[in-house]
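> Provided below are the primary sequence and the corresponding predicted coordinates.
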Amino acid sequence: MENTHSCTLSARQNFYRFPKSTISVDSTCRDGGPCWGVCAQTLLWLWAVLFFFLSFFLSFFFFAEHTRVCCSPIRSQLQPRSTMLQRRSVFLPHNTRARPDWRTNCRVLRGNVIKDIVKNGAVPGEPVKSDENSRRGNWGNQIEFVLTSVGYAVGLGNVWRFPYLCYRNGGGAFMFPYFIMLVFCGIPLFFLELSFGQFASQGCLGVWKISPMFKGVGYGMMVVSTYIGIYYNVVICLAFYYFFMSMTNLLPWTYCNNPWNTPDCSGVVSSGHYLNNSLANSTSSLMSGVSEVVNRTKRTSPSEEYWKHYVLDISDDIGNFGEVRLPILGCLAVAWLVVFLCLIRGVKSSGKVVYFTATFPYLVLTILFIRGITLDGAINGIKYYLTPQWHKVLDAKVWGDAASQIFYSLGCAWGGLITMASYNKFHNNCFRDSIIISITNCATSVYAGFVIFSILGFMANHLNVPVSEVADHGPGLAFVAYPEALTLLPISPLWSLLFFFMLILLGLGTQFCLLETLVTAIVDEIGTDWIMKHKTVVTLSVAIVGFLLGVPLTTQAGIYWLLLMDNYAASFSLVIISCIMCVCVMYIYGHVNYFKDVEMMLGFPPPLFFKVCWRFISPVIIFCILVFTVIQYKPITYNDYVYPGWSLAVGFCMALSSVICIPIYALYKISRSPGATFRERLKNACRCDPKWGPALREHRTGRYAPMACEEVVESRPLKEKEDLKEEEKGRRDEINLTTHGSNGSTNTHNNPSA
């Protein structure tokens with residue numbers, strides 16, 4: 001193929017290293033054909049504009065809800081004008097007028113701002129009809145909960161960890177132990193946490209009224225969620241960075257002639273091919289313009305050098321922080337801002353966002369899958385991914401990896417499942433939801449494997465190497481191997497943009513729940529009216545603290561610390577927390593009591609299979625996972641870098657910091673419990689709190705029924721009697737609020753005789 005430029009390459013340069021001027025794409029095409037570079041750039045900018053306006057619209061919608069009081073726009077539910085004005089006159093303060101809106105027959109408040117507007121958009125003084133728990137709020141509908149839970153469970157690990165584990169542990173044979181562990185461990189634990197949070201309508205701290213001595217488990221969940229939330233958003237910010245850098249005619253990690261490249265860099269695409277503008281041809285014509293890759297003992301790809309030397313500018317040691325990478329820091333601020341805006345109204349706002357963030361990744365996966373299977377060599381990659389090696393089923397390590405992947409992928413013991421379920425209505429069928437979400441999570445992992453290995457098979461075929469040499473996992477797959485494979489495709493910036501946008505959405509779905517877990521735990525624990533009304537302030541404060549704690553991960557040594565936190569902050573500590581939770585609920589509180597609670601909530605008892613799993617099978621599997629984790633432990637490394645001993649000690653301290661909360665709080669609770677002997681104190685510390693049970697009075701039936709009989713009340717211990725009387729007084733105050741207006745006038749609009 002003739003070159004349209006003249007240049008000489010030095011002996012140290014390989015065939016693929018060209019001067020910068022040769023890889024630019026002109027705004028006009030030389031051969032009169034379609035200019036794919038300009039088209040790609042136009043599409044990318046359209047995507048950017050769409051993303052900006054979507055964010056602006058969502059933010060405007062959330063803020064607008066605080067300043068409008070509307071009736072339903074459905075014509076069948078509209079009330080006569082006189083009735084509406086009569087209802088508004090009860091609650092509007094002086095000097096406030098009601099202006100009718102002819103489109104929706106809504107009355108938009110003007111004049112003085114009503115300060116006591118209910119955060120859900122209801123008329124002040126009226127309970128929100130759609131919310132069962134008006135004080136705490138509920139999901140808008142059940143779809144929002146399912147989508148949020150799917151977004152929480154389906155994260156980055158489904159894309160960059162499961163496919164690698166599958167091909168490493170026997171391909172299709174790995175599916176057998178994987179689904180066995182899903183049935184006997186994953187779904188039962190998922191159902192246990194959902195039912196736990198939904199029954200009490202409390203976050204990961206409030207639910208431990210079931211046995212106050214074990215409240216340290218809730219604090220441990222908060223610590224784990226804090227660690228994960230810090231480094232998880234850094235991964236999202238890196239995806240944001242690659243997303244923004246993909247808005248160009250030519251991906252910057254395509255060639256080796258950049259200032260950050262080393263002499264060992266060898267690319268996989270010939271730049272002369274771009275100069276001749278033959279991208280519009282098929283993939284076969286792309287191959288014809290590619291020269292044979294230089295045979296090297298250790299090849300360094302342009303994407304790897306871009307990742308290490310330009311994006312991270314990685315230092316030589318974990319203790320050498322260097323300078324803060326300002327572009328990454330800016331993307332981290334963007335990531336936290338997006339998370340805050342989506343959670344500005346708690347589950348009311350995030351429940352709307354997940355309609356997009358939880359579904360669009362499946363569209364992108366489908367697009368990438370369809371494109372991937374049409375490439376040469378894609379079938380070889382899929383065969384490598386699925387071909388069963390049945391002899392590995394007898395390997396204990398394969399079963400350990402399957403159990404660990406199920407456990408960590410579903411997000412058990414993070415506190416997020418309990419928190420999300422706490423916003424469900426009391427009689428929601430969480431049994432059905434747990435099965436749907438768990439199966440969706442695992443099916444997504446398998447589906448993502450087809451997407452990943454079809455592209456990697458194409459890349460391996462292009463390089464004429466085995467698939468095992470290009471397969472990777474973790475950040476190496478997301479930011480090195482897969483981006484390099486995308487450079488081989490026509491209009492590679494568009495495919496890169498789609499891929500990293502998918503990673504952003506997958507990460508945000510998990511990050512929403514991590515932040516909401518912390519905020520809900522804080523708000524529920526304090527529980528005052530002020531903190532309930534100013535939950536947005538708590539969300540903003542947690543987001544700011546998370547951003548500041550993530551700044552060290554944006555330094556030149558940040559990647560070392562990110563991997564250290566990923567390997568230690570949420571490893572064996574999660575297994576210990578989950579095991580203690582099972583023991584507490586099934587054996588301290590009592591399996592009979594809990595089965596009755598679930599039956600009272602769902603209307604049917606848990607199936608026998610789940611009863612057996614909760615009491616015996618799942619705890620045994622969790623314990624085996626813990627043993628497997630300890631036996632298979634190896635000091636962490638990053639490529640050829642071996643972590644020093646002091647950094648491993650820091651990692652173990654992070655892991656123990658969440659577990660140590662359990663015995664510390666248990667000792668504190670025992671010391672504060674009444675009793676003459678240690679045994680009496682221990683017994684009182686384990687006994688469930690009188691406030692344990694359904695949050696709403698109408699759901700406290702059976703053994704949770706209010707103590708209306710004076711004899712029953714007087715037979716209770718003194719402290720419990722005081723708690724019951726205080727709770728009854730609070731309920732009466734809440735009823736008074738629903739029957740009186742904000743200005744003290746009586747709410748009589750529901751009484752036709754008034």
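Alright, I've got the coordinates. Numbers count the residues shown, from 1 in each chain.
> middle-most residue in the chain, spatially?
Residue closest to the average C-alpha location in the chain (CA atoms, centre = their mean): residue 510, at 0.2 Å.
> so where do the helices sit in the stretch 501-650 of the chain?
With DSSP state H, counting those that start in this stretch as the criterion, the stretch 501-650 of the chain has helices at 529-533, 535-550, 558-568, 572-583, 591-602, 608-612, 618-631, 645-659.
> give me the pLDDT value at the residue nearest to the centre of the chain.
Here the pLDDT value assigned to residue 510 is 97.
> could you do the one 10 residues further on as well?
The pLDDT attached to residue 520 in the predicted structure is 97.
> who are the contact partners of it?
203-204, 346, 419, 422 (CB atoms under 8 Å, 6 or more residues apart in numbering). Using the backbone N, CA and C atoms, a C-beta is placed for each residue, glycine as well.
> kindly report the same for residue 451.
Contacts of residue 451 (CB under 8 Å, 6+ apart): 159, 365, 368-369, 372.
> now do residue 397
Applying CB under 8 Å, 6+ apart, the residues contacting residue 397 are 169, 628, 632.
> skip the chain neighbours and tell me the closest residue to residue 702.
Closest residue to residue 702 in three dimensions, ignoring its sequence neighbours and counting by CB to CB, 6 or more residues apart in numbering: residue 600, at 6.2 Å.
> contacts only, for that neighbour.
701-702, 704.
> related to what we said a few turns ago, so how far is residue 584 from the residue nearest to the centre of the chain?
Distance of residue 510 to residue 584, computed by CB to CB, to the nearest Å: 26 Å.
> pLDDT below threshold where in the stretch 551-700 of the chain?
Along the stretch 551-700 of the chain, no part satisfies pLDDT under 70.
> and the contacts of residue 600, which is closest to residue 670?
residue 704 (26.1 Å; CB to CB).
> make TSV from the helices of the stretch 501-650 of the chain and add distance to residue 695 to it.
TSV is the format used below for these (distance: least, CB to CB, whole Å):
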stretch	distance to residue 695
helix 529-533	13
helix 535-550	17
helix 558-568	35
helix 572-583	20
helix 591-602	12
helix 608-612	24
helix 618-631	27
helix 645-659	27
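> how about these, which one is nearest residue 331?
helix 535-550 (10.9 Å).
> returning to what we had before: now, the contacts of residue 451 that are in helices?
159, 365, 368-369, 372 (DSSP state H).
> any chance you could map the helices in the stretch 151-300 of the chain?
156-160, 162-168, 175-181, 187-200, 215-245, 271-275, 283-288.
> so residue 194 sits against residue 423, correct?
No: at 11.4 Å, residue 194 does not count as touching residue 423 under the criterion of CB atoms under 8 Å.
> which of the contacts of residue 600 lies closest to residue 248?
residue 704 (61.6 Å).
> residues contacting the nearest residue to the closest one once chain neighbours are set aside?
Closest residue to residue 704 apart from its sequence neighbours, by CB to CB, 6+ apart: residue 693 at 4.1 Å. By CB under 8 Å, 6+ apart, residue 693 lies in contact with 199-200, 597, 700, 704.
> residue 557 too?
Residues in contact with residue 557 (CB under 8 Å, 6+ apart) are 314-315, 317-322.
> distance to residue 550 added to those, as a markdown table?
Shown next, in a markdown table, are these (distance: CB to CB, whole Å):
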| residue | distance to residue 550 |
| --- | --- |
| 314 | 17 |
| 315 | 18 |
| 317 | 20 |
| 318 | 16 |
| 319 | 19 |
| 320 | 19 |
| 321 | 14 |
| 322 | 16 |
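> farthest pair within those residues?
314 and 319 (13.3 Å).
> quick one: which of these two has more around it?
Neighbours per residue (other CB atoms under 10 Å) separate residue 314 from residue 319, with residue 314 holding more: 21 against 11.
> residues contacting residue 336?
Here residue 336 is in contact with 233, 543-544, 546-547, 550 (CB under 8 Å, 6+ apart).
> kindly recompute the last result at 10 Å.
Neighbour list for residue 336: 229, 233, 236-237, 511, 515, 542-544, 546-548, 550 [criterion: CB atoms under 10 Å, 6 or more residues apart in numbering].
> what's the answer for residue 604, then?
429, 431, 598.
> that one and residue 243: what is the separation?
46 Å.
> looking at the contacts of residue 520, which has the most residues close by?
residue 204 (32 neighbours).
> burial count for the residue nearest to it when sequence neighbours are not counted?
Computed as CB to CB, 6+ apart, the closest residue to residue 204 that is not its neighbour in sequence is residue 415, at 3.5 Å. Residue 415 has 32 neighbours, counted by other CB under 10 Å.
> neighbour-wise, give me the winner out of the ones in helices among the contacts of residue 451.
So for these (other CB under 10 Å), the most neighbours sit at residue 159, 26 neighbours.
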